[in-house]
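Asks: this one's sequence-less:
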């Protein structure tokens, strides 16, 4: 069926509820909106589903969720009887429709005879990741759209190791979803019936104790933290999300007794009414927290996004101004702190490794080299770090220590296999206490880091092009960049281009090709002759194209100058294709 036919089917068929039909009737004369909602199915990618909440095949609603859940159910059944008995665990965040989508999913899984664990209230991503292995389930589900605006929701699928589902598993689920032609044939079981039959178990506080216990094992300087932490003030905001309880609990239990909460952002709010976007990457999202910090004379501000897998921080500089650190800066500070303190205490294994994504700061490589620790590079997405933990630590002979990505995601330890805002918040606070014990702020610690390893800075530019037309423009831009294969941009010469879609690295001089070992992905990475780099990739979860940049200078002014020149040259090319 075409868009109009699908629209009329949803509008008139008895399977769809009256609220859905009322919503669709309001757009019956809007051809463009009908096309946007029905020109395709909401795509199930490597991270699951993510889209705008609303009626239609290209929207997040109970029907697209049921279809995705049935695809996952078929995947579990394809794994055999043991996987069905081990079952699935479902968590959800504070977003609009998250509890409803979680319950609808549980109805589908239990309707398929699959044992299901469903959380009694919202929980963060890392708790879900932990719960998969805690309950030994075959799969995990997290209903969330992470840091996206309030209009969005999503559906992340996790494998038995607690990491987001592998490419192979995702492809099987995608195939199974494609086989579902009649939504009315999806099996559903009522919640009470499922509980009575022993297929549905409601998970409550017992999981939290086990999770927090594992988190606290990552603390390195417990005695110092208790001494400094009892008088050290921290401002924390959960941005209306799932971090409120676990972050405050772990900070308190570790010795931080003066954690001030942004009251206006403490409770769940589906509209995220105090922020434009609940994204701790944006300074605006931390405005209220910074105001509270300024009034209370606090040096450290911590904010977590709605599903508490990302952390943003603000610290005071020498002028008393609050500076929001980038994900790269926070990640590199954590890496230096963890490696230096483990080495000082004799706790750094000889077979240790750390991980980063290809668009994450190259400063991390210098830090890892300094401490003699192997650095493993993966594609963008924390699932690939999770896969390396499984491959190299769980089934290999290496010991995972820490991993991070530029987009404010960090993980210390192996209790979870996705980025964890709870353990990151604990370690950031501990790190701040450590430097405070030496008479330093985190801002001064960053300056010391640059002085030690070089002034390395990064930046990112993103363009949002919504709808069908936007997706086509992004695809066209990537195609044209591949065709052009630029050997220079302005006065800067390109040394090599990594095309991860083809698994090849093109060396400009001499004209040669090398094989890449990472999985196929729609990513172009440019290595410049002066040591700087930039990378272009479409977002896997949003209608965006992203350009990442990284440079190193002799001092901060030199680095900033190099960065601005690189950005100007790159954007001149990208915009010529994009607009």
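Replies: Sure, I can see it. Remember, it's a predicted structure, so these values are computed and weren't measured experimentally.
Asks: How far off centre is stretch 390-400?
Replies: 22 Å (Cα atoms, centre = their mean, to the nearest Å).
Asks: Quick check: mean pLDDT of that stretch?
Replies: Per-residue pLDDT over stretch 390-400 has a mean of 97.
Asks: For it, buried residues please.
Replies: Across stretch 390-400, burial judged by 16 or more other Cβ atoms under 10 Å covers 390, 392, 393, 398, 399, 400. Glycine gets a C-beta too; all of them are placed from N, C-alpha and C.
Asks: Find the nearest non-adjacent residue to the second one, please.
Replies: If I follow you right, that is residue 392. Closest residue to residue 392 apart from its sequence neighbours, by Cβ to Cβ, 6 or more residues apart in numbering: residue 398 at 4.1 Å.
Asks: where do the helices sit along the stretch 301-450 of the chain?
Replies: Ranges of helices in the stretch 301-450 of the chain, per DSSP state H, counting those that start in this stretch, are 327-344, 363-370, 382-388, 421-437, 442-453.
Asks: So which bits of the longest one are buried?
Replies: Buried positions in helix 327-344, judged by neighbour count with 16+ other Cβ under 10 Å: 327-342.
Asks: cool, and the fourth one?
Replies: Within helix 421-437, the residues scored as buried using 16+ other Cβ under 10 Å are 421-436.
Asks: just the last one next, same as before
Replies: Neighbour-count burial for helix 442-453, counted by 16+ other Cβ under 10 Å, picks out 442, 443, 445, 446, 447, 449, 450, 453.
Asks: ok, now the third one?
Replies: In terms of neighbour count (16+ other Cβ under 10 Å), helix 382-388 has its buried residues at 382, 383, 384, 385, 386, 387, 388.
Asks: tell me how far the ends of stretch 502-514 are from each other?
Replies: This stretch, stretch 502-514, spans 11 Å end to end (Cα to Cα, to the nearest Å).
Asks: ugh, wrong one, I meant stretch 271-289
Replies: Using Cα to Cα, the two ends of stretch 271-289 sit 18 Å apart.
Asks: likewise stretch 101-121?
Replies: 13 Å.
Asks: Averaged pLDDT, that stretch. What do you get?
Replies: Averaging pLDDT residue by residue across stretch 101-121 gives 98.
Asks: How far off centre is it?
Replies: Here stretch 101-121 is found 24 Å from its chain centre; the criterion is Cα atoms, centre = their mean.
Asks: cool, stretch 365-376 as well?
Replies: 24 Å.
Asks: So what touches it?
Replies: Residues outside stretch 365-376 that contact it (Cβ atoms under 8 Å, 6 or more residues apart in numbering) are 332, 335-336, 339-340, 343, 348, 352-356, 364, 388, 392, 398, 401, 453-454, 456.
Asks: Also stretch 29-46?
Replies: Outside stretch 29-46, the residues touching it (Cβ under 8 Å, 6+ apart) are 3-4, 6-7, 10, 27-28, 49, 51, 54-60, 64, 68, 71, 164-165, 167, 170, 173-174, 177, 381, 383, 467-468, 540-541.
Asks: can you give me the strands in the stretch 401-550 of the chain?
Replies: In the stretch 401-550 of the chain, the strands defined using DSSP state E, counting those that start in this stretch lie at 409-412, 455-464, 488-489, 492-499, 504-507, 512-515, 524-528, 533-538, 544-553.
Asks: Quickly run through the sheet partners of the fourth one, with directions.
Replies: What it means is strand 492-499. strand 488-489 (antiparallel), strand 504-507 (antiparallel), strand 524-528 (antiparallel) (DSSP bridges).
Asks: Which among those is found nearest to residue 129?
Replies: Closest of the strands paired with strand 492-499 to residue 129 is strand 524-528, at 28.0 Å (criterion: Cβ to Cβ).
Asks: Residue 493 and residue 528 touch, don't they?
Replies: Yes - Residue 493 lies in contact with residue 528 (Cβ atoms under 8 Å); the separation is 6.9 Å.
Asks: before we move on, back to that, pLDDT and distance to residue 502 added to the buried residues of helix 442-453, as JSON lines?
Replies: Below are the buried residues of helix 442-453 laid out as JSON lines (pLDDT from 0 to 100; distance: Cβ to Cβ, whole Å):
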{"residue": "442", "pLDDT": "97", "distance to residue 502": "41"}
{"residue": "443", "pLDDT": "97", "distance to residue 502": "42"}
{"residue": "445", "pLDDT": "98", "distance to residue 502": "41"}
{"residue": "446", "pLDDT": "97", "distance to residue 502": "38"}
{"residue": "447", "pLDDT": "96", "distance to residue 502": "41"}
{"residue": "449", "pLDDT": "97", "distance to residue 502": "36"}
{"residue": "450", "pLDDT": "96", "distance to residue 502": "36"}
{"residue": "453", "pLDDT": "96", "distance to residue 502": "33"}
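Asks: Distance to residue 37 for those - can I get that in a markdown table?
Replies: Shown next, in a markdown table, are those (distance: Cβ to Cβ, whole Å):
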| residue | distance to residue 37 |
| --- | --- |
| 442 | 46 |
| 443 | 47 |
| 445 | 49 |
| 446 | 46 |
| 447 | 51 |
| 449 | 48 |
| 450 | 49 |
| 453 | 50 |
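Asks: Return the member of the buried residues of stretch 390-400 nearest to residue 316.
Replies: Residue 316 lies nearest to residue 400 out of those, by Cβ to Cβ, at 32.9 Å.
Asks: distance of the residue lying closest to the closest one once chain neighbours are set aside from residue 411?
Replies: In space, and not counting its chain neighbours, residue 400 is closest to residue 393: 4.3 Å by Cβ to Cβ, 6+ apart. With distances taken as Cβ to Cβ, to the nearest Å, residue 393 is found 12 Å from residue 411.
Asks: Equivalent analysis for residue 285, please.
Replies: 22 Å.
Asks: When these two are compared, which one has more neighbours?
Replies: Neighbour tally, residue 285 and residue 411, criterion other Cβ atoms under 10 Å: the higher count belongs to residue 411, 29 against 24.
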